[in-house]
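Undergrad: Here is my input; please provide its structure:
(chains A and B)
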There are 2 protein chains.
Amino acid sequence: MEDPTEGAVVIEGDAAASPFVLVCEHAANAFPARWGDLGLSPAERDAHIAWDPGALGLARALARRLDAALVRATTSRLIYDLNRPPQSKGASAARSEIYTIPGNEALSPAARRDRTRALYLPFHAALRGLLAERLALGQSPVVITIHSFTPLWHGQPRAVEFGIIHDADPALAHAIFETAKAQTTLDARLNEPYSAADEVTHTLALQATPMGLRNAMLEIRNDLIADTSAQEAMAERLAPVLLAALAKLRATEETA
Amino acid sequence: MEDPTEGAVVIEGDAAASPFVLVCEHAANAFPARWGDLGLSPAERDAHIAWDPGALGLARALARRLDAALVRATTSRLIYDLNRPPQSKGASAARSEIYTIPGNEALSPAARRDRTRALYLPFHAALRGLLAERLALGQSPVVITIHSFTPLWHGQPRAVEFGIIHDADPALAHAIFETAKAQTTLDARLNEPYSAADEVTHTLALQATPMGLRNAMLEIRNDLIADTSAQEAMAERLAPVLLAALAKLRATEETA
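TA: So this is what the prediction gives:
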C-alpha cells in the first residue's frame, strides 16, 4: 500500500556531528501529480513564488562546511508552505506577490486537510524527531532555517542582501547579525526583508521555542546564490559567521 | 513486524463536535514489559508518582458532557512523562517527591532516546495531527490538559482543590478561574499548586502556543475524584465552567 506521507521530507546527514540543524522548507518547486500544476505556467512554477531559488544549494553547501544535518522539503510551497500553520491562508496561497494561483482559489476544507496531512505533518514530525532524539541524548541542537528572497518585489529593488530574522528568542539572530557586519561586507539587516510579524517564523516557533533551542532564520537575496559556484561562495562566507556567532553566544552564557 | 510506537497514545472521540480537546498525559500507571516495573513496588506503581489518579475518569466524564475528543496516555509517567521535553530530568525522573525510582537512576542516553521515540514522539504527533487537521478544516480547537495532584505533599496538606494553570496566553485560564469562583464553591486558585515555572506547561507550550490556540491546564486534588461517582460529580460541576469561560472569552474577543 502506498504510504501517503512518503517523500514529504528528506533528512540529509541525520547523524552529522554539528549542533546546527539546517531546515529548508522552500527547497523544492516540484508539483507531484497528486496535486497537479495548480494551473501555473512552467515559468510561474520556476519563479520565487513556488520555492526559494538557491536556498537548497546554499543549505547543502553550508551543511558540508558545518557537518550539519539538513531537513528539506520536496514539494512546492504553493501546494503547502511548510513555514505556515494549517489555518493560515498562506499555507496554500491563492495569491503571491503579483501572481494568482488558480489551483488554490476556492480550495475546499477537505483539500486543505489532505495537504496538511500529506505534507505539513510529516515534515514537522521528521524535524521534531531529529531534534527530540538529540535532546534525549544530551545534545543541544541549534535550528537554522535557510530561505531566499527575490531582489525585486512588486517592481521595487531590495538593497538588503542578508536578512537575519528571529522569533521569541533573539539571542542567536543578534549574534549572527553582529558577526556578519563585523566579518563580511554583506548588507546584513535584522528582521528584513521580513519579520515575525509577517508570519515567517512558524518553524522557529513550532520547533525551537517550545524545546528551548537556539534558533534563527536566514534570508539571502536570491541573485547572490543563483548558481552552484555562487552558493558555494556564499556558504564559504556564512559558515564562519554561524560558527563564530554560536561560539560568542555560548561564551556569553558561560560567563552569565 | 511489531510497531514500536503502537499503543503510546489513544484518541477517544476524535470526531467529537466540541472545540475542546482534552489531553491526559498522566492517565495511566501501566508499566509495559518492554521497560519493566523500574524496581517499584505495587504500592509505588499505584501512587501519584506513577500517574494522576482520577484524572482519566474525570477527563472521560468531561468529554462526554462536552462532546469533546480526548487524547490520553497509556503508560506511566515514570517511564516517560509526556508533559516534559526529552532533555528534562523529569522526563524519566529518578526521584519524585519522597520516592526513588531505581529503574531511572543511571539511565543511559540511548535509553532516554528510546523512550522519547517510543512514547513522547507518537503521543505528541497524534495530538498535533488532531489539532492541525481541525485547523485545516477551519475549526478553532481549544486545548485543555487534565491533571490531578496529591492532597499531601512532603507530609503537608494542600488546601487548593482546583488549580488553573496557564503558559504564555493566560486568557482562558483567567476566564476559567473567574467562572469557577463565581459558579462553584471549589477552592479554585490560579497557578497553584504548580505554575509554568515548575515546567508543567510543556504540552501547552508545544501544542497550543505555536498554533495560536486557546489553552489551559486543570489540576484537581485527587481526593475529590477518587472514584467514578466523584469523577462524574466533579465533571458535572466543571463542564459548565469550561463552557461559560469559553463563551465569555469569545464574547470579549468579538467586542474587542
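Undergrad: all helices for chain A, in order.
TA: Applying DSSP state H to chain A gives helices spanning A:42-46, A:55-66, A:109-115, A:121-136, A:171-183, A:202-203, A:228-255.
Undergrad: Which other helices and strands does the fifth one contact?
TA: In this case it means helix A:171-183. In terms of contacts (3 or more Cβ pairs under 8 Å, 6 or more residues apart in numbering or on different chains; DSSP states H and E), helix A:171-183 is packed against strand A:162-165, strand A:188-190, strand A:215-221, helix A:228-255. From N, CA and C alone the C-beta is placed, and that goes for glycine too.
Undergrad: nearest to chain B, of the ones you listed?
TA: strand A:215-221 (12.5 Å; Cβ to the nearest Cβ).
Undergrad: quick one: average pLDDT of the closest one?
TA: The average pLDDT within strand A:215-221 is 98.
Undergrad: Over to stretch A:124-135?
TA: On average, stretch A:124-135 scores 98.
Undergrad: Stretch A:32-46 too?
TA: Computed over stretch A:32-46, the average pLDDT equals 96.
Undergrad: what's the answer for stretch A:246-256, then?
TA: Averaging pLDDT along stretch A:246-256 gives 87.
Undergrad: Just put the helices and strands packed on helix A:171-183 in TSV and tack on distance to chain B and mean neighbour count.
TA: Output for these, formatted as TSV (distance: least, Cβ to the nearest Cβ, whole Å; neighbours: other Cβ atoms under 10 Å in any protein chain shown):
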stretch	distance to chain B	mean neighbour count
strand A:162-165	16	25
strand A:188-190	22	19
strand A:215-221	12	26
helix A:228-255	16	16
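Undergrad: closest one to A:His124 among these?
TA: strand A:215-221 (14.3 Å; Cβ to Cβ).
Undergrad: how far is the closest one from where the chain is centred?
TA: 7 Å (Cα atoms, centre = their mean, to the nearest Å).
Undergrad: Quick one: list the elements packing against it.
TA: Going by 3+ Cβ pairs under 8 Å, 6+ apart, strand A:215-221 lies up against strand A:142-149, strand A:162-165, helix A:171-183.
Undergrad: quick check: angle from that strand to helix A:171-183?
TA: Per axes from the mean of the first three to the mean of the last three Cα atoms, to 10 degrees, the angle that strand A:215-221 makes with helix A:171-183 is 40 degrees.
Undergrad: Can you list the strands that strand A:215-221 pairs with?
TA: Strand A:215-221 has its sheet partners listed here by DSSP bridges as strand A:142-149 (parallel), strand A:162-165 (antiparallel).
Undergrad: Tabulate these (CSV), appending mean pLDDT.
TA: Formatted as CSV, those follow (pLDDT from 0 to 100):
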stretch, mean pLDDT
strand A:142-149, 98
strand A:162-165, 98
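Undergrad: Same list (those) but as TSV, adding distance to B:Gly129.
TA: Shown next, in TSV, are these (distance: least, Cβ to Cβ, whole Å):
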stretch	distance to B:Gly129
strand A:142-149	22
strand A:162-165	28
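Undergrad: Can you tell me which of these is nearest to B:Leu82?
TA: strand A:142-149 (22.2 Å).
Undergrad: Thought A:Arg64 was touching A:Phe20, still the case?
TA: No. Contact between A:Phe20 and A:Arg64 fails when scored by Cβ atoms under 8 Å: they sit 11.8 Å apart.
Undergrad: Any stretches of the stretch 151-256 of chain A with poor pLDDT?
TA: Within the stretch 151-256 of chain A, the stretches with pLDDT under 70 are A:256.
Undergrad: Let me know the distance separating A:Thr209 from chain B.
TA: 7 Å (Cβ to the nearest Cβ, to the nearest Å).
Undergrad: quick revisit: just want to know which of A:Phe20 and A:Arg64 has more residues nearby.
TA: A:Phe20 (22 against 16; other Cβ atoms under 10 Å in any protein chain shown).
Undergrad: contacting residues around the closest residue to that one other than its chain neighbours?
TA: Leaving aside its chain neighbours, A:Phe20 sits nearest to A:Ala68 (4.1 Å; criterion: Cβ to Cβ, 6 or more residues apart in numbering or on different chains). Contacts for A:Ala68 (Cβ atoms under 8 Å, 6 or more residues apart in numbering or on different chains) come out as A:13, A:16, A:18, A:20-22, A:62.
Undergrad: need the residues of the stretch 1-150 of chain A near chain B, please.
TA: A:85-87, A:91, A:109-110, A:112-113, A:115-117, A:120-121, A:124-125, A:128-129, A:132-133, A:135-138, A:140 (Cβ under 8 Å from any Cβ of the partner chain).
Undergrad: Tell me which entries of the contacts of A:Ala68 lie within strands.
TA: Of the positions in those, A:20-22 sit in strands, assigned by DSSP state E.
Undergrad: Let me know the closest of these to B:Gly155.
TA: Closest approach to B:Gly155 among these (Cβ to Cβ): A:Val21, at 45.3 Å.
Undergrad: Just give the number of residues close to A:Gln183.
TA: By other Cβ under 10 Å, neighbour count at A:Gln183 equals 15.
Undergrad: Correct me if wrong: it contacts A:Ala245.
TA: No. If you go by Cβ under 8 Å, A:Gln183 and A:Ala245 don't touch, sitting 9.5 Å apart.
Undergrad: Find residues that contact each of the two.
TA: Both A:Gln183 and A:Ala245 lack any common contact, where contact means Cβ under 8 Å, 6+ apart.
Undergrad: who does the nearest residue to A:Ala15 once chain neighbours are set aside bridge with?
TA: Nearest non-adjacent residue to A:Ala15, counting by Cβ to Cβ, 6+ apart: A:Ala69, 7.7 Å away. Per DSSP bridges, the residues bridged to A:Ala69 are A:Val21.
Undergrad: Please name the residues that touch A:Ala69.
TA: By Cβ under 8 Å, 6+ apart, the residues touching A:Ala69 are A:11-16, A:18, A:20-22, A:63, A:130.
Undergrad: Confirm for me that A:Leu107 is in contact with A:Ala91.
TA: No. Contact criterion Cβ under 8 Å: A:Leu107 and A:Ala91 do not qualify, at 9.5 Å.
Undergrad: Looking at those two, which is more packed in?
TA: A:Ala91 (25 against 17).
Undergrad: Excluding chain neighbours, what is closest to the more buried one?
TA: Nearest to A:Ala91 is A:Arg84, by Cβ to Cβ, 6+ apart, at 4.3 Å.
Undergrad: which residues touch that neighbour?
TA: By Cβ under 8 Å, 6+ apart, the residues touching A:Arg84 are A:90-91, A:199, A:202.
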